[in-house]
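Enquirer: for reference, the sequence and a predicted model appear below.
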Amino acid sequence: PENIGTHAAQVSTFVGGVGSSDSASWPTAVERARAIARTTHGPTVAWIGYSAPPTLSRAAHEDPARRGAAELGRFQRALRQRFPRAQHILIGYSYGSVVVGKAAQQDYIADDIVLVGSPGASADRAAQLHGRIWSTRNTEDPIAVITGPHGGIHGPEPTSPAFCATP
C-alpha cells in the first residue's frame, strides 16, 4: 500500500485459518488477497499476524484466536489511521473467522466483517460484533460437521438464520 497514499476507497484485510502461519501456505494467502483486491479495486492485506493452529484438531482451542484477535485489533486500528476515509473490509476464512469474530467483539475494527467457511465467530449473534456482518460457506464445506445453528466449537454457524448475519 505504500504507493497508493491515503486515498483508497476500500481497504481489505484477509485472515486465513488453519495452517496459515506455515510459510508454505503464504502463496495461497497472497493469491486470495490479490483476488479480493481485483474485486474491490482497493489494496488488500494478507494478514499473517498470528500463530494459526497447524491442524484441524488444534483449531478446537481458542488461545490462538484470542491472541490473534488482540494483534488484529492493533493492526486494523493502524490501518484505519493510514486510510481514514476508506471503507474497511475484514475477511476471516475458516479459523481466521474465529480470530476476526473475537476482535470484532472488542472494537469497531472494520466497516464490513465477512465470515467465510466459519466454525463460529465466538459470538451467539451477529449483533455482538461491530460492523456490518456478512457470512458465506460452500454447501459442500466440511466445516458444517463441527458447527450448526445452535452452536459448535466456536459458536453457532454464522450462515444460520439464528446468527442474523447477511448471507
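Expert: Arrived safely. Numbers count the residues shown, from 1 in each chain.
Enquirer: tally of neighbours for Trp26?
Expert: Per other C-beta atoms under 10 Å, the neighbour tally for Trp26 reads 14. (Each C-beta comes from the backbone N, C-alpha and C, glycine too.)
Enquirer: what about it, which SS state?
Expert: For Trp26, the assignment made with DSSP: H, G, I helix; E, B strand; the rest coil gives helix.
Enquirer: next, find the distance separating it from Phe14.
Expert: Relative to Phe14, Trp26 is positioned 12 Å away (C-beta to C-beta, to the nearest Å).
Enquirer: need the overlap of contacts for these two.
Expert: Ala46 (C-beta atoms under 8 Å, 6 or more residues apart in numbering).
Enquirer: where does Leu115 sit, in terms of helix or strand?
Expert: When secondary structure is defined by DSSP states H and E, Leu115 falls within strand 112-116.
Enquirer: which outside residues touch the next helix-or-strand element following that strand?
Expert: Following strand 112-116 in sequence order, the next helix or strand is strand 132-136 (DSSP H and E). For strand 132-136, contacts defined as C-beta under 8 Å, 6+ apart pick out 104, 111-118, 126, 158-159, 163-167.
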